[in-house]
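Chemist: What would the 3D arrangement of this be:
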Amino acid sequence: MRLFLMSASALALAACGGEPAETEQPPAEEIVEDVKDGADDMEMAADTSDLEAVVAALSEDAQARVQYRNPVETLSFFGVEPGMTVVDTLPGNPWYSGILIDYLGPDGKVIGADYSPEMWTFFGDFSPEPGSKDNWTSEWTATAEGWRNAETDAAVGAVQFGNVTDDMAGSVDVILQVRSLHHFNRLEDEGEFMTKALADMRALLKPGGHVGVVQHRAPEGSADEWATGDNGYVKQSAIVAAFEGAGFELVASSEINANPKDQPTAEDFVWRLPPTLATSREDEALKAEMEAIGESDRMTLLFRKPA
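Modeler: Now for the predicted structure:
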């Protein structure tokens, strides 16, 4: 496991445009080799035994994903601790809301976050029925209540991007954006959804609060047009540029969720890989090839809202 600490401008390239910043920066592949001595020890210094116990209790199906999603290491890297209020974007059970409900404890809170109903209208064949997202916050909260023990587990709530209410402003310690930013990014031209989501994140966070990003990573040398998010992949430099442009500071980057076996080309999209295996359901040989690669190569980034 490697942890990389960088200055906030280390990967500052213009989002999606691929134009270098005015101040000359070393290539991204050189930046990520700038390993800080002793960083691994720092990353795992906190006691993770309680979190490990929660993950160990996951169902067999959920356990199959642990080797690729590394929840103990990832949540520890993001600084998630019991008692915090944490937003989980595109929440599921257990990824990550089910884990957090147990781990954060009775003094914590898990807030599930969904895309806005407007943004969902741009998902084509995957768009939900009109009006079906109108009551999402109350429906998800009711569902999540069924996952928790009222005496020992975290409270639950919900929010939709584009509808952050005043009473939620400045109330959140950590926001998780796990395999979700590609949709915001690819639909930026349709309604500034990335820009609006970043503004919502800043509004939700306490001063000094953090956003933890895990995102399918496009090779830096790939064409910008391919790496906007339509294929699931986005360049790490583009994500950093978007967050810094919205006033966040890049705190650290980790290779916890890296997978060097995933080397996508311009002909590929992320859903060819597990767990979706979209291109190989009728082809056992191709399925075995995709399973040998495993889940996608992913950046893991930690951003901070300035105090």
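Chemist: OK, contacts around Leu204?
Modeler: Contacts of Leu204 were listed using C-beta atoms under 8 Å, 6 or more residues apart in numbering, and they are Val87, Val159, Val164, Met168, Ala169, Gly170, Ser171, Val172, Ile175. The way it works is simple: take the backbone N, C-alpha and C, and place the C-beta from them, glycine included.
Chemist: Which of those are buried, as a ChimeraX select command?
Modeler: Here is the ChimeraX command that selects the buried residues among these (16 or more other C-beta atoms under 10 Å):
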select :87,159,164,168,171,172,175
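Chemist: Buried residues of the lengthiest helix in the chain, list them for me.
Modeler: Of all the segments assigned as helix in the chain under DSSP state H, the longest by residue count is helix 193-204. Within helix 193-204, the residues scored as buried using 16+ other C-beta under 10 Å are Phe193, Met194, Lys196, Ala197, Leu198, Ala199, Asp200, Met201, Arg202, Ala203, Leu204.
Chemist: Dump those residues into TSV; add pLDDT as well.
Modeler: TSV is the format used below for the buried residues of helix 193-204 (pLDDT from 0 to 100):
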residue	pLDDT
Phe193	98
Met194	98
Lys196	98
Ala197	98
Leu198	98
Ala199	98
Asp200	98
Met201	98
Arg202	98
Ala203	98
Leu204	98
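Chemist: ok, and what's touching stretch 119-130?
Modeler: Identification of contacts with stretch 119-130 by C-beta under 8 Å, 6+ apart yields Lys133, Phe161, Gly162, His183, Phe184, Leu187, Glu190, Gly191, Phe193.
Chemist: right, and out of the residues you listed, which lies closest to Pro106?
Modeler: When the contacts of stretch 119-130 are compared for distance to Pro106 (C-beta to C-beta), Phe161 comes out closest, at 27.6 Å.
Chemist: where does the chain have low pLDDT?
Modeler: Counting by pLDDT under 70, the ranges of the chain that qualify are 1-46.
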